[in-house]
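Chemist: Predicted coordinates and the sequence they were generated for:
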Amino acid sequence: MNKQYNPYEDMLEVLDEAAKLLGYDEHDYITVKYPERELKVSIPVKMDDGTIQVFEGYRVQHSGLRGPYKGGIRYHEHVDMDETKALAAWMTLKCAVANVPYGGAKGAVRVDPSKLSRGELERLTRAYTVAIMPILGPEIDIPAPDVNTNAEIMGWIMDTYSKSKGYSVPGVVTGKPVELGGSLGRAAATGRGVMYTARNLMNVLGMKPEETKVAVQGMGNVGATSALLMHQLGCKVVAVSDVSGGIICEDGLDIPAIVEFINHKRRLLKDYKNDKVRFISNEEVLTADVDMLIPAALQNQITEPIARKLKAKVIVEGANGPTTADADKILNERGIIAAPDILANAGGVIVSYFEWVQNIQNLYWDEDEVNRNLERIMNRAFEEVYALSQEKKVSLRLAANMIALKRIVAVQKIRGIFP
Ligand code: GLU
C-alpha cells in the first residue's frame, strides 16, 4: 500500500504488463528496461552576491534505438535521478507512440528557479549546458523545454553550444525563440496536442464539448494552453490550479482572462480577483465534480486516495506520469478512462521534431502547416491506440505502451545486440 513512490518502478510495472500482453519474454525487451547512459554533473554558479553555489544536474539517455536521444530539461528543487530516468523512458515510449524517429532522454537541474535572478538563471543554464555538452548534439541528443524551462533558456543552450563550436547550430535544441530558428506553433504544441486527444476521446465516447465540464491542474505552459483550447472548443472549464492553489466556478471560469492574468508578470492564481470564483485546494481541483480532468503539473498527483475520490469520467494527461501505477488500477476498476501521457502530451515533441527538421533543412514552415501536421500525427496515434485498446480490451495506457514497445523491440531485433 504505502510503498515509496518511485516513478521508474512505476514505468517498469506498466512496461512489463505491456510486454506480457505482447507475449514477449524478458530477453525480448530487456534493453528497454535500462537507461543506456546516466550522467550526473555538478554545476558551479557565481551568484549575484559573490558566493558560489554548486547545483546538481542530470542528463539521462534512455534509448537511442529509434533515433537521436530527445527530451526536455526540467528545473525543479525536488528532482532526482530516478525521476529523470523515468521521464527519459517516457520520452522513448512517447516518441515511439507518435512514431517520430527519436529515442528518449531527459535532463534536470535540482534548483528552484524562482529563487534565482535572471543573470543567475542564465549562468546556471550555460554551466549546465557545458557540463552535459560531451553528450549533446543535433545528431546525438537534443534538449527542449519542460517544467520551469522555456524558449529563453533554450536560446541560452543554443548559444552556449554554438559558441563552443564556433558556428550556429540551431538543431541542437528545440523550443527555441522563433528568431533563433524555433518553430512557429512549438510553444502551444503540447497543449494543442492535449486538446486534440481530448477531442478524439470525446468523439469516441459521444461526449459533447458544450456538455463537458473540465478541470485543469497546473497553469504552466501545458495547462494554460490546454485550458484555453478546451474553452475555445466549447467546453466549460470550471476549475484550475497552480502552485498557489485552485479556483472554481461551477458556471465556467473566464479562462482567457485568467490566462492573461497569470501570463502577465507570472502572477499566481491566489491573487486573481473575481467575485464569482471560490478558492479551493489543489486536491479539490483533482476531485472536482467535472467530466474531464486534465492533470498538467507534475508526476505523482493522481495517487490511490485521489483515484478513489475523483469524479471525472475521463482523464487526459498533459503532465508526465501524473497517475501512479497503483492509482491507475483503481481508475480501471472504476471505469475511468485515461488518455495516457505518452499519447496525450506528445504534441510537444512532435513539433520539436518539426522544428529540428526545419533547422536541418533550413526551410521554415508557416504555423498552419505545423498545426495541420501535428493534428494529423496526434489523430493517427490516437486511432492506433484506441483501436488496439478495443481489440485487446485493455486500457489506453496499456495499448499505448504495447504499440511503443512493439516498435522499439522491432528495431532492437533488426539492429541486434553489439558486440
Ligand atoms: N518536455 C516535453 C515532453 O515531456 C517536450 C520534449 C521535447 O520536445 O523534446 O514531452
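Modeler: Good, I have the coordinates. Numbers count the residues shown, from 1 in each chain.

Chemist: the strands in the stretch 101-250 of the chain, which residues?
Modeler: Ranges of strands in the stretch 101-250 of the chain, per DSSP state E, counting those that start in this stretch, are 104-110, 141-142, 213-217, 236-242, 245-248.

Chemist: For the ligand, which of the ones you listed is the nearest?
Modeler: Nearest to the ligand among the strands of the stretch 101-250 of the chain is strand 141-142; the distance by Cβ to the nearest ligand atom comes to 6.7 Å. In short, each C-beta sits where N, CA and C put it, glycine included.

Chemist: which residue packs closest to the residue of the stretch 51-200 of the chain found nearest the ligand, ignoring adjacent ones?
Modeler: Closest residue of the stretch 51-200 of the chain to the ligand, Cβ to the nearest ligand atom: Gly72 (2.7 Å). Nearest residue to Gly72 in three dimensions, chain neighbours excluded: Asp146, at 3.0 Å (Cβ to Cβ, 6 or more residues apart in numbering).

Chemist: and if you look at Gly119?
Modeler: In this structure, Gly119 finds its nearest non-sequential neighbour in Asp48, 6.4 Å apart by Cβ to Cβ, 6+ apart.

Chemist: count of residues packed around the one you found?
Modeler: For Asp48, the neighbour count with other Cβ atoms under 10 Å is 11.

Chemist: got a list of what it touches?
Modeler: Residues near Asp48 by Cβ atoms under 8 Å, 6 or more residues apart in numbering: Ser117, Gly119, Glu120.

Chemist: Which pLDDT value goes with the residue nearest to Gly72?
Modeler: Listed pLDDT for Asp146 reads 98.

Chemist: what's the answer for the one 5 residues further on, then?
Modeler: Reading off the per-residue confidence, Ala151 sits at a pLDDT of 98.

Chemist: Was I right to think it contacts Glu179?
Modeler: No. Applying Cβ atoms under 8 Å, one finds Ala151 not in contact with Glu179, separated by 9.6 Å.

Chemist: of the two, who's got more company?
Modeler: Taking neighbours as other Cβ under 10 Å, Ala151 and Glu179 compare with Ala151 leading, 18 against 8.

Chemist: what's near enough to touch the more buried one?
Modeler: So Ala151 contacts Pro145, Gly175, Lys176, Pro177, Gly182, Ala187 (Cβ under 8 Å, 6+ apart).

Chemist: If we use 6 Å, what do you get?
Modeler: With contact taken as Cβ atoms under 6 Å, 6 or more residues apart in numbering, Ala151 is in contact with Gly175, Pro177.

Chemist: Return the residues of the stretch 151-300 of the chain in contact with the ligand.
Modeler: Residues of the stretch 151-300 of the chain lying close to the ligand by Cβ under 6 Å from any ligand atom are Thr174.

Chemist: swap the cut-off to 8 Å and go again
Modeler: With Cβ under 8 Å from any ligand atom as the criterion, the stretch 151-300 of the chain meets the ligand at residues Thr174, Gly175, Thr190.

Chemist: Any chance of a markdown table for these, columns pLDDT?
Modeler: Formatted as a markdown table, those follow (pLDDT from 0 to 100):
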| residue | pLDDT |
| --- | --- |
| Thr174 | 99 |
| Gly175 | 98 |
| Thr190 | 98 |
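
Chemist: From the contacts of Asp48, pick out the ones that also neighbour the ligand.
Modeler: Here nothing survives when these are matched to the ligand using Cβ under 8 Å from any ligand atom.

Chemist: Just among the residues you listed, which is most surrounded?
Modeler: Within the contacts of Asp48, neighbour counts (other Cβ under 10 Å) peak at Glu120, which reaches 18 neighbours.

Chemist: Now do that one against Asn221, distance only.
Modeler: Remark: distance between Glu120 and Asn221 (Cβ to Cβ, to the nearest Å) = 22 Å.

Chemist: do the same with His27
Modeler: Taking Cβ to Cβ as the measure, His27 falls 40 Å from Asn221.

Chemist: And the two? Which one has more around it.
Modeler: Ranked by neighbour count (other Cβ under 10 Å), His27 and Asn221 place Asn221 first, with 25 against 8.

Chemist: re the thing from before, pretty sure the residue of the stretch 51-200 of the chain closest to the ligand is in contact with Asp141, am I right?
Modeler: No. With contact defined as Cβ atoms under 6 Å, Gly72 does not reach Asp141; the gap is 11.7 Å.

Chemist: where do the helices sit along the stretch 1-150 of the chain?
Modeler: Assigned by DSSP state H, counting those that start in this stretch, the helices in the stretch 1-150 of the chain fall at 7-21, 26-29, 81-98, 118-132.

Chemist: which helices and strands does the longest helix seen in the chain pack with?
Modeler: Ranked by residue count and defined by DSSP state H, the top helix of the chain is helix 367-392. The contact analysis (3 or more Cβ pairs under 6 Å, 6 or more residues apart in numbering; DSSP states H and E) places helix 367-392 against helix 81-98, helix 186-205, helix 347-361, helix 396-415.

Chemist: can you pull the buried residues of that helix?
Modeler: Neighbour counts over helix 367-392 (16 or more other Cβ atoms under 10 Å) mark 370-371, 373-375, 377-378, 381-382, 384-386, 388-389 as buried.

Chemist: give me the number of residues near whatever residue of the stretch 301-419 of the chain ends up closest to the ligand?
Modeler: In the stretch 301-419 of the chain, the residue that lies nearest the ligand is Ser352 (3.2 Å; Cβ to the nearest ligand atom). Neighbourhood size, Ser352 [other Cβ under 10 Å]: 28.

Chemist: Now the nearest residue to it once chain neighbours are set aside, what are its backbone angles?
Modeler: Closest residue in space to Ser352, ignoring its immediate chain neighbours: Thr174 at 3.8 Å, by Cβ to Cβ, 6+ apart. Geometry field for Thr174 lists phi and psi as phi -120, psi 170, criterion degrees, to the nearest 10.
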